[in-house]
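K.L.:
what shape does this take:
(one chain, ligands or ions: 2)
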Amino acid sequence: MAYHPGSSDDNDVNGIRLVLGIRVFRRFWAALGVASLADWIGLLALTAYANDIATGGYAGKNFAIAGVLFARLAPALVIGPFGGYVADRLDRRLVLTTGLLLRAVIFASIPLVGTLWWLLAATVLIEAVNAVWMPTKDATVPTLVPRAHLDDANRLNLATTYGSALPAAALFIVATTATRFIDGLTPVELPAVDPTLYLVAIAFAIGGLIFLGLRDMPAGSAVPEDEQVGLWRTIGQGWAYVFRTPLVRGLVLGIVGAFACGGVVIGLGRVFVGDLGAGDPGYGLLFGCVFLGLGLGMWRGPRVLEQVSRRRIFGVGLMGAGVALAVVAVIHNMALVAILVTIVGFCAGVSWITGYTLLGLEVDEEMRGRTFAFVASLVRLVLSAVLAVAPLVAGVIGSHTIEMRELGDYTYTGSEITILIAAVVAFLFGAVSFRQMNDRVGLSLLSEVRQRPGLAPVYPEHGLFVAFEGGEGAGKSTQARMLVDALQAEGYRVLLTREPGATDVGRTLRQIVLDPATGDLSPRTEVLLYAADKAEHVDAVVLPALERGDVVVCDRYVDSTLAYQAGGRALDREEVERVARWSTRQLRPHLTVLLDVDPSVGRSRFEVADRLEAEPKEFHARVRDTFLDLAESDRNHYLVVSADRSVVAIADEVLERVRPLLGLVHPAIAARSDDAERTDDGGHGTDGSRGDGTDGSRSEDDGGERTGPESPR
Ligand SMILES: Nc1ncnc2c1ncn2[C@@H]1O[C@H](COP(=O)(O)OP(=O)(O)OP(=O)(O)O)[C@@H](O)[C@H]1O
Ligand SMILES: Cc1cn([C@H]2C[C@H](O)[C@@H](COP(=O)(O)O)O2)c(=O)[nH]c1=O
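P.N.:
Ligands and ions are numbered 1, 2, ... in the order given. Have a look, this model is predicted:
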């Protein structure tokens with residue numbers, strides 16, 4: 001039966017199902033849904049109530065509504081940082097429960113007091129509570145679901161938060177219409193919005209009670225008792241953490257850029273579409289398209305270009321939004337603008353969900369609340385500033401017409417220029433974020449995009465990883481040994497290892513695969529035997545050495561599986577690669593040295609052939625072609641050397657190519673020291689002889705005799 005890997009839609013559904021299968025998360029999500037619904041209806045009800053009770057005619061009503069909107073933004077600026085302090089210190093269940101219950105009480109009090117001043121004061125109070133509640137909520141999610149499914153949980157939460165706007169609008173219409181209808185039937189005049197405000201209060205109370213029932217939610221403070229410091233120091237620590245951590249700094253910068261860019265679209269959207277002659281319907285369309293794009297981006301975000309690092313996707317999304325927005329600014333066609341703002345929204349949505357998930361994954365638990373609070377405050381600050389400044393800038397620039405004789409007149413307006421400036425800012429912020437968060441230095445974005453999903457490489461963050469590959473007798477062991485000697489002589493700590501056979505289990509596997517007595521094996525069995533050797537080797541030997549910051553020189557690695565089992569045995573390359581990459585955790589060498597030689601030359605360098613060496617020359621020709629093909633597809637990470645030259649000439653060429661990479665090895669380790677003598681030798685004695693006591697020449701039992709390093713496990 002054919003194997004069909006799950007589609008990304010299947011993955012979406014399975015991920016969502018999985019997180020919803022976690023009882024505590026399911027109930028948390030339900031409470032969040034009720035709270036979001038209440039929040040949206042609350043927003044509509046507060047502005048409608050301001051409109052109802054304001055005096056002073058048209059202007060008075062506008063000021064009252066503007067006052068409510070400002071009152072919603074302002075508290076987060078002031079209280080936001082304290083929100084983070086609370087989120088990282090107090091019992092989260094208590095904060096989440098009390099936050100909603102307090103909002104319920106305040107909402108219920110608004111129609112009871114019934115004055116504009118109290119409406120404004122109550123709005124400030126509601127948002128003050130929210131400024132503490134939001135970061136607590138954000139910081140809690142990563143503690144409820146497995147790390148691998150945090151993006152599913154975030155997508156679900158964001159879809160619920162923003163998606164509840166639509167049912168909220170419908171409920172608001174139903175509630176206010178019903179009030180009017182009942183009003184018409186009774187002699188007493190009912191205030192139109194009062195029942196809706198009570199409805200909001202009830203919804204918040206229900207949400208609060210659900211949180212109260214979440215006894216299995218991690219409730220305690222994230223900061224251990226003995227590490228708790230004062231309020232200002234806690235806030236200061238949070239800010240210092242953001243500024244000194246490149247990843248978080250990049251994320252915050254990017255998020256601010258995205259919101260600045262979004263703020264310009266919101267602030268100038270109406271004037272901009274007016275300039276295009278599209279009026280209010282055009283304005284509605286513009287907003288609909290931005291939100292459609294945002295929604296799609298957030299929903300599809302984690303599945304967009306899965307092979308590209310999420311850290312890079314964040315910056316790329318912002319740059320994409322900047323480019324699309326720049327085109328919006330110069331195009332005078334409403335239909336194209338609608339398509340382009342959908343793209344802007346999509347790119348921004350992808351960045352937002354990616355950044356949000358990265359913050360959850362990469363920020364330490366005890367810093368998370370403060371970081372989310374910091375981001376929330378900054379976002380509001382930027383939004384308020386941009387909303388205020390953008391129309392001003394546009395107004396100052398004004399509208400101008402350039403006369404271009406044959407081509408006709410070209411008119412540009414202040415809103416277009418300001419949007420163009422925002423586009424450039426968004427692009428630059430995206431580029432800076434990309435640089436700060438780039439975790440695949442040396443791999444071009446284009447090569448990464450070209451990689452098949454699921455096979456994205458992981459290059460070690462510590463140490464230096466060099467692999468030697470090539471056909472039989474190409475000189476890999478000789479060159480690996482010479483490189484190790486050269487580096488050791490310069491004081492580097494080096495591990496020489498090999499595949500197959502560098503671990504206890506690997507030696508047994510080597511014996512099986514190479515001993516001619518094993519006879520024919522199914523090619524698939526062969527793949528799995530080599531993969532088992534690799535899995536053990538990477539986990540027990542390679543990764544620990546890299547973690548220590550050592551140079552790891554490996555005699556054969558994944559490319560050998562691709563060349564021998566996929567190329568030689570004519571199996572499907574992608575299927576074999578999936579197995580081999582999976583078994584090595586996608587870990588790739590910084591550099592693979594391919595020693596290329598005609599198989600007949602290599603074959604002539606030894607007398608006794610093992611099970612694979614004994615394969616016919618066509619087999620070895622396919623092996624060679626596959627090696628060359630692999631090197632050709634990723635030149636940055638390969639050095640192809642003609643291996644029919646002298647041993648010394650080859651060694652010099654290899655060392656020359658490796659030398660610039662030594663910068664990846666920590667200088668403290670690179671420094672010459674007595675410690676250099678203490679080389680972990682992965683299978684070849686430091687005296688140049690093989691670990692099995694042989695002198696490097698072939699022996700009949702070379703089916704797995706070399707001694708590998710002791711497993712650090
Ligand atoms: N450039 C060279 N020119 C001539 N002989 C060489 C050269 N390099 C290595 N040899 C010799 O060829 C033999 C095989 O070398 P080596 O074991 O380094 O190759 P290998 O690629 O590791 O082989 P295998 O495929 O079996 O692992 C050794 O006897 C070695 O001394
Ligand atoms: C890692 C690996 C190796 N092989 C083959 C290639 C050689 O014929 C032997 C290893 O012998 P060597 O003397 O140590 O070079 O195994 C393979 O077919 N697949 C692999 O993944």
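K.L.:
can you give the domain ranges for the protein?
P.N.:
Annotated domains of the chain cover 1-228, 240-456, 457-664 [automatic domain parsing].
K.L.:
dump the ones you listed into CSV; add mean neighbour count as well.
P.N.:
In this view, the C-beta of every residue, glycine as well, is placed from N, C-alpha and C. Below are the domains of the chain laid out as CSV (neighbours: other CB atoms under 10 Å):
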stretch, mean neighbour count
domain 1-228, 18
domain 240-456, 19
domain 457-664, 19
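K.L.:
ligand 1: which of those domains is closest?
P.N.:
Nearest of those to ligand 1, taken as CB to the nearest ligand atom: domain 457-664 at 2.9 Å.
K.L.:
now do the end-to-end distance for that closest one.
P.N.:
Length of domain 457-664, first residue to last, CA to CA, to the nearest Å: 17 Å.
K.L.:
kindly report the same for stretch 463-478.
P.N.:
One end of stretch 463-478 sits 22 Å from the other (CA to CA).
K.L.:
one step back: can you redo the domains of the chain as JSON lines with mean pLDDT?
P.N.:
Formatted as JSON lines, the domains of the chain follow (pLDDT from 0 to 100):
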{"stretch": "domain 1-228", "mean pLDDT": "81"}
{"stretch": "domain 240-456", "mean pLDDT": "82"}
{"stretch": "domain 457-664", "mean pLDDT": "94"}
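K.L.:
in CSV: these, plus distance to ligand 1.
P.N.:
Shown next, in CSV, are the domains of the chain (distance: least, CB to the nearest ligand atom, whole Å):
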stretch, distance to ligand 1
domain 1-228, 33
domain 240-456, 26
domain 457-664, 3
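K.L.:
list the contacts for residue 316?
P.N.:
Contacts for residue 316 (CB atoms under 8 Å, 6 or more residues apart in numbering) come out as 308, 430, 434, 445.
K.L.:
can you pick out the most distant pair from those?
P.N.:
With CB to CB as the measure, no two of those lie farther apart than 308 and 430, at 14.0 Å.
K.L.:
next up, phi/psi of the closest residue to ligand 2 within the stretch 151-300 of the chain, please.
P.N.:
At 33.1 Å from ligand 2, residue 151 is the closest residue in the stretch 151-300 of the chain, using CB to the nearest ligand atom. Here is the backbone geometry of residue 151 (degrees, to the nearest 10): phi -70, psi -30.
K.L.:
cool, and residue 492?
P.N.:
Backbone torsions of residue 492, given as degrees, to the nearest 10, read phi -80, psi 150.
K.L.:
strands along the protein, start to end?
P.N.:
Assigned by DSSP state E, the chain shows strands spanning 400-404, 408-412, 464-470, 494-498, 551-555, 591-596, 638-642.
K.L.:
which one of those lies nearest to residue 158?
P.N.:
Across the strands of the chain, closest to residue 158 is strand 408-412 (CB to CB), at 36.3 Å.
K.L.:
residues contacting that closest one, please?
P.N.:
Outside strand 408-412, the residues that touch it by CB under 8 Å, 6+ apart are 399, 400, 401, 402, 403, 404.
K.L.:
pull the contacting residues for the nearest residue to the first one once chain neighbours are set aside.
P.N.:
Read it as residue 399. Nearest residue to residue 399, sequence neighbours excluded (CB to CB, 6 or more residues apart in numbering): residue 413, at 4.6 Å. Contacts here follow CB under 8 Å, 6+ apart; on that basis residue 413 touches 271, 272, 275, 394, 397, 398, 399, 400.
K.L.:
now the second one. Nearest residue, chain neighbours left out?
P.N.:
Meaning residue 272. Setting aside the residues directly before and after it, residue 272 is nearest to residue 415 in space (CB to CB, 6+ apart), at 4.3 Å.
K.L.:
same question, the third one
P.N.:
In space, not counting the residues next to it along the chain, residue 275 is nearest to residue 413; the distance is 4.9 Å by CB to CB, 6+ apart.
K.L.:
let me see the backbone angles for that neighbour.
P.N.:
Dihedral angles for residue 413 - degrees, to the nearest 10 - are phi -110, psi 160.
K.L.:
can you list the strands of the chain in TSV and add distance to residue 575?
P.N.:
Shown next, in TSV, are these (distance: least, CB to CB, whole Å):
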stretch	distance to residue 575
strand 400-404	59
strand 408-412	56
strand 464-470	20
strand 494-498	25
strand 551-555	23
strand 591-596	21
strand 638-642	23
